[in-house]
Each structure stands twice: as structure tokens, then as C-alpha cells.
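Undergrad: How does the following fold in three dimensions:
(4 chains)
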Protein chains: 2
Amino acid sequence: MTRKAGGVGTATRSYHHGYLKAALIAAAGEMLERDGPEAISFRAVARAAGVSQTAPYNHFRGKEDLLATLAEAGFRELEASQLATMGATVPGLERVIRLGLDYVRFASTRPQSYRLMFGVGVSDWRGHQDVAEAKNASFRPIKDALAEYLSSDMTPEAVEIAAIAAWAQVHGLSMLLMDGSLGAARRGHDGGEALVRQVLTQFAAGLVPGAKWPT
Amino acid sequence: MTRKAGGVGTATRSYHHGYLKAALIAAAGEMLERDGPEAISFRAVARAAGVSQTAPYNHFRGKEDLLATLAEAGFRELEASQLATMGATVPGLERVIRLGLDYVRFASTRPQSYRLMFGVGVSDWRGHQDVAEAKNASFRPIKDALAEYLSSDMTPEAVEIAAIAAWAQVHGLSMLLMDGSLGAARRGHDGGEALVRQVLTQFAAGLVPGAKWPT
DNA sequence: TGGTCAAGTTAGCAGCGTCAACATCTGGTG
DNA sequence: CACCAGATGTTGACGCTGCTAACTTGACCA
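TA: Have a look, this model is predicted:
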């Protein structure tokens, strides 16, 4: 399997690279988080990997394919983060809020990844089934947590609406925090954590109006 | 003032164009709505206006400046639409909901404009004061309507939070509808209007929990 | 009438994504 | 072991991009 003596790090750079695809993804990932999706250049990624400008075409159909790979990885990381929060909580409203907090924290921690995932650089992922699936998977935890909390009081359709509203709420808040729409002050020293919690608390108040809400 | 006899439409095309700036904005606006922000090329805009590729530099500092002009115009149109809705409603919760409906409808009707306004093509508008101001202005109606509805029950800080939550809700919903995250079915024959109303109704339920909500 | 300056022009640079044609290495088969 | 096929790399080139520099044109004012 390993094609060079000495292991990954010390692979003697000969004509064939050996781990180019992974190296390209890593280089592109660094460029993404440092300079944003619009600054990623296929040629620069090749350069960073120490390879000619057209070598990447052996591993990706083109630039968009590379970006799709990064976006999918981003959604998988978001999903993992959400699942970790699921594992660290018990069913109930607080779990839903914690998932929201975790979601916005992900976006705030990896803003450029998040922007790429949601259509900056590539208009949408309708043409990339893998990305669309990863996106849906990252949305599942919030959906499930909400369904568990609400299903005894609501129809499945109403639960679905609530889940969409939740996603829109955290997604919109993430975007507004990132693009400066709310002013730098809003992100404050805690990264806007207090603001996020307040918004999520209000959101929670809209679920099952009148019922379940501690008076 | 007018520099050619015969009026705007019949300006004889001589060395000096006369209305280049407006023509460039119009051409760029068409390209924007047809192909999206990432497809706008400064040279193509010049070509569409029938002028050399560098002529636009006499009217815009560069491509980003042109895009900023389009974004600002977009925010001004959004503001006008919101103000029209304000004028067509009376104070109260229904006004807030109508503003939200109008907001999402704007985004759905002019998706490419909306994407440009919120950071696709240019990462953010922090460096363009005019755009930032227009953005804030477009946010004012929702903020004001909410303040009028809530100020008797809430502190100004809480009202501010509610306004941010409202903006995040409609913004997030607009984005998810546009980029296909919710699936084409969600936009249905009514452009997702029913979905939007349900989400907004739930949002409204979260305002002033327990109070004001019709049981 | 003449000069000034805004608003056009052409020429050229470096960088981009992509394709075609060619070179090199590697693993599998006779 | 020799050799060949295919995967993986290379160079070269095309047309496009945003942008700068240097030049030309022409409208307006003293």
C-alpha cells in the first residue's frame, strides 16, 4: 500500500507524489480558512502542494469538484459536532438550545468553511449529490431533537415546519454574525454567545405556544 | 445639463457616451439577475454597454465598486418594499408578519440580487459605508414595527434581541429557500408562501411568551 | 481662440481555469 | 524477468479575467 519506504512524511519526492489528493485537500482547506472561498485558486492549490498546475485534474474534475469536497467535509464536521452535542445532552428543550448554540459556534469558529458550505463560491450544491446528502445529515440532529421534544403535541407536518424554522433561525443568525450585519459589538468577548442564547430562548418560547413553557 | 440634443434614448453615440455610468449599472443589473453575482465580469459589462474594457474605470474604482453599487441599490429596493408594506398595514403583530412575508418574497423574487447583497461575490460590505448604511436602512422597518409592538412589555435591549431574531429568521429562511436546502418541493406553487407564514406565525408565538398571544 | 480636464482609447501585465499532447513511473501478466 | 497498460505526473497553449499606464478625443470655459 505504502509506495515509498519511510512513511508518509518522508516520501521522497519523485515523479509520482503518492498522496496528492490528500495533500491538495489539506492545502485547499488551509487556503479556505485563511483567505475565504473566493480566494481559492486551483493553480495556487497545486503550487502549495508542490506540483504542476494541471496535476490536480487527475484527482478532481475541476475546481468546483475540489470545493465540493471541502464543503462536504465541512458538513461532515458540523454533523459530528452536532452529534457530539446530542451525546452530551438528554432529550428536552435544553438539548435543542444546546444544538443551536453548537451550530452557531461552528459557524463562528469556521466562518470561511461555513460560507463555502452555503453557496459562496459555488451558487448551490444541487449538482453535487454527496454535498447535498452531507448537508441533510448535518441537519438531522436538530430535526430529531425537535421531533422528540414536540412529537407528542404536534403533527409530523408541524414538527417539520418547526425544524425548518429552527434551521433558518440558527443559519440566519450565523450569517448575520459573520458578515458584520450586526456590528462587531454584537460578537463581543464571548463571540456573541449571550446573544445567541437569548435568540434561541425566544425561539423556544414559540414552540408549542402556551404549553410546556415554564411560567 | 443634458449634453446631447434629442434626449436620453437618442444620444448620438460619439466618442463620449454621456450616460455611461447608468448604462453600466443597468447592464450589470441584468447580468446579475440572469447569471448571478459570480458571473459578472467587468469586461463583459463594458462590452454590453458598447464601450472599451477600461472605460468603466472612469466611473467605478473597480469591479467591487460596481458590485457595491448594485448591492446598495438592492438594499434600497428592499427598504422601499418594506416601507410600502409598513404603509399598507396598521401597527400590531400582523404587520410584523406581513413585513416578514414581504422580506422573503423580495429574496425569492430577486434571488441573485439578494445573494450579492449578503456576501456572495464580495465577502462583506464592511469597507463600503454606503452599502452598510443601506443595509441598516432596509432592516429598520422590521425593527420599528417590532419595537412598536413590544416596547410596552419589554426593555429596549429585549426588543433589540427580538429584532435581530426576526431578521435572522427571515434571512435564514430566504437563504435556505434559495439554495435548495429545503428541496424544491418546499417552494411549491406558492413560492413557499404558506411555509413562510407558518414559520413566521411560530416566531410570533415566541414574542412575549404567555402575553398577547390569542389562546 | 485656446487650454484644461473629464472621459474615452489601445497596449500590455500577471493570474485564472481548462484542454491537449507528451513523459514517467508502477503493478500485473506472459 | 521483460514488457505493456494505465495511472499520474509534465509542459505548452488558449481565451478569459481585473487592472495599470500612456495616449487621444472632445466639451466647456476664460
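Undergrad: So in chain A, which helix runs the longest?
TA: Secondary structure of chain A per DSSP state H: the longest helix is helix A:63-87.
Undergrad: touching DNA strand C at all, that one?
TA: Yes. Contact check for helix A:63-87 against DNA strand C, using CB under 7 Å from any atom of the strand: residues in range are A:K63, A:E64. For the C-beta atoms, the positions are set from N, CA and C on the backbone; glycine is no exception.
Undergrad: since we're on the residue nearest to A:G62 when sequence neighbours are not counted, how many residues are nearby?
TA: Of all residues beyond its chain neighbours, the one nearest A:G62 is A:F42 (7.5 Å), with distances taken as CB to CB, 6 or more residues apart in numbering or on different chains. Using other CB atoms under 10 Å in any protein chain shown, A:F42 has 20 other residues around it.
Undergrad: so what's A:F42 up against?
TA: With CB atoms under 8 Å, 6 or more residues apart in numbering or on different chains as the criterion, the residues that contact A:F42 are A:Q53, A:P56, A:G62, A:K63, A:L66.
Undergrad: one step back: after the longest helix of chain A, next one along is what?
TA: helix A:93-109 (DSSP states H and E).
Undergrad: Against which helices or strands is that following helix packed?
TA: Helix A:93-109 sits against helix A:63-87, helix A:129-150, helix A:156-178, helix A:193-205, with contacts defined as 3 or more CB pairs under 8 Å, 6 or more residues apart in numbering or on different chains; DSSP states H and E.
Undergrad: okay, the angle between it and helix A:156-178?
TA: Between the direction of helix A:93-109 and that of helix A:156-178, the angle (axes from the mean of the first three to the mean of the last three CA atoms, to 10 degrees) works out to 40 degrees.
Undergrad: gap between the following helix or strand past helix A:93-109 and the chain center?
TA: Beyond helix A:93-109 in the direction of the C-terminus, DSSP H and E gives the next helix or strand as helix A:111-117. Computed by CA atoms, centre = their mean, to the nearest Å, the separation of helix A:111-117 from the middle of its chain amounts to 7 Å.
Undergrad: Dump helix A:111-117 to CSV, restricted to CA.
TA: Included here for helix A:111-117 are C-alpha records, laid out as CSV according to Å, rounded to 0.1, in the frame of the first residue of the first chain:
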residue,chain,number,x,y,z
PRO,A,111,-16.6,31.1,9.1
GLN,A,112,-15.0,30.6,5.7
SER,A,113,-15.8,26.9,5.7
TYR,A,114,-19.4,27.8,6.6
ARG,A,115,-19.6,30.4,3.8
LEU,A,116,-18.4,27.9,1.3
MET,A,117,-20.9,25.3,2.5
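Undergrad: ok, now which ones touch A:M175?
TA: Counting by CB under 8 Å, 6+ apart, A:M175 touches A:A107, A:F118, A:S181, B:F118, B:G119, B:A168, B:H171, B:G172, B:M175.
Undergrad: since we're on the residue nearest to the first one when sequence neighbours are not counted, how many residues are nearby?
TA: Okay, so that is A:A107. In space, and not counting its chain neighbours, A:A107 is closest to A:S174: 3.5 Å by CB to CB, 6+ apart. Around A:S174 there are 25 other residues, counting by other CB under 10 Å.
Undergrad: same check, this time on A:T109
TA: A:T109 has 12 nearby residues by other CB under 10 Å.
Undergrad: so what pLDDT did A:A211 get?
TA: For A:A211, the pLDDT comes out at 55.
Undergrad: Derive a PyMOL selection command for the buried subset of the contacts of A:F42.
TA: Filtering the contacts of A:F42 down to the buried ones (16 or more other CB atoms under 10 Å in any protein chain shown) takes a single PyMOL command:
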select buried, chain A and resi 56+63+66
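Undergrad: and the contacts of A:F42 as a markdown table, adding distance to B:G192 and pLDDT?
TA: A markdown table is the format used below for those (distance: CB to CB, whole Å; pLDDT from 0 to 100):
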| residue | distance to B:G192 | pLDDT |
| --- | --- | --- |
| A:Q53 | 43 | 98 |
| A:P56 | 39 | 98 |
| A:G62 | 32 | 98 |
| A:K63 | 31 | 98 |
| A:L66 | 32 | 98 |
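Undergrad: Sort out which one of the contacts of A:F42 lies nearest chain B for me.
TA: When the contacts of A:F42 are compared for distance to chain B, the smallest value, 12.1 Å, is given by A:K63; criterion: CB to the nearest CB.
Undergrad: Local confidence estimate at the residue lying closest to the closest one once chain neighbours are set aside?
TA: Distances taken as CB to CB, 6+ apart put A:F42 closest to A:K63, at 4.4 Å, once the chain neighbours are dropped. Model confidence at A:F42, given as pLDDT, is 98.
Undergrad: Tell me which residues touch the residue nearest to A:A23 when sequence neighbours are not counted, please.
TA: Setting aside the residues directly before and after it, A:A23 is nearest to A:A49 in space (CB to CB, 6+ apart), at 4.5 Å. Listed by CB under 8 Å, 6+ apart, the contact partners of A:A49 are A:H17, A:L20, A:A23, A:L24, A:A27, A:A55, A:P56.
Undergrad: And for A:W125, nearest residue in space, chain neighbours not counted?
TA: A:V131 (3.9 Å).
Undergrad: sorry, that was for A:G188
TA: Setting aside the residues directly before and after it, A:G188 is nearest to A:A194 in space (CB to CB, 6+ apart), at 7.4 Å.
Undergrad: and if you look at A:A158?
TA: Of all residues apart from its sequence neighbours, A:L150 sits closest to A:A158 (CB to CB, 6+ apart), at 7.5 Å.
Undergrad: returning to that earlier point: how about the contacts of A:F42 in TSV, adding distance to A:F203?
TA: As requested, the contacts of A:F42 are arranged in TSV below (distance: CB to CB, whole Å):
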residue	distance to A:F203
A:Q53	48
A:P56	43
A:G62	40
A:K63	38
A:L66	36
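Undergrad: Tell me the one of the contacts of A:F42 nearest B:T89?
TA: Nearest to B:T89 among the contacts of A:F42 is A:K63, at 46.9 Å by CB to CB.
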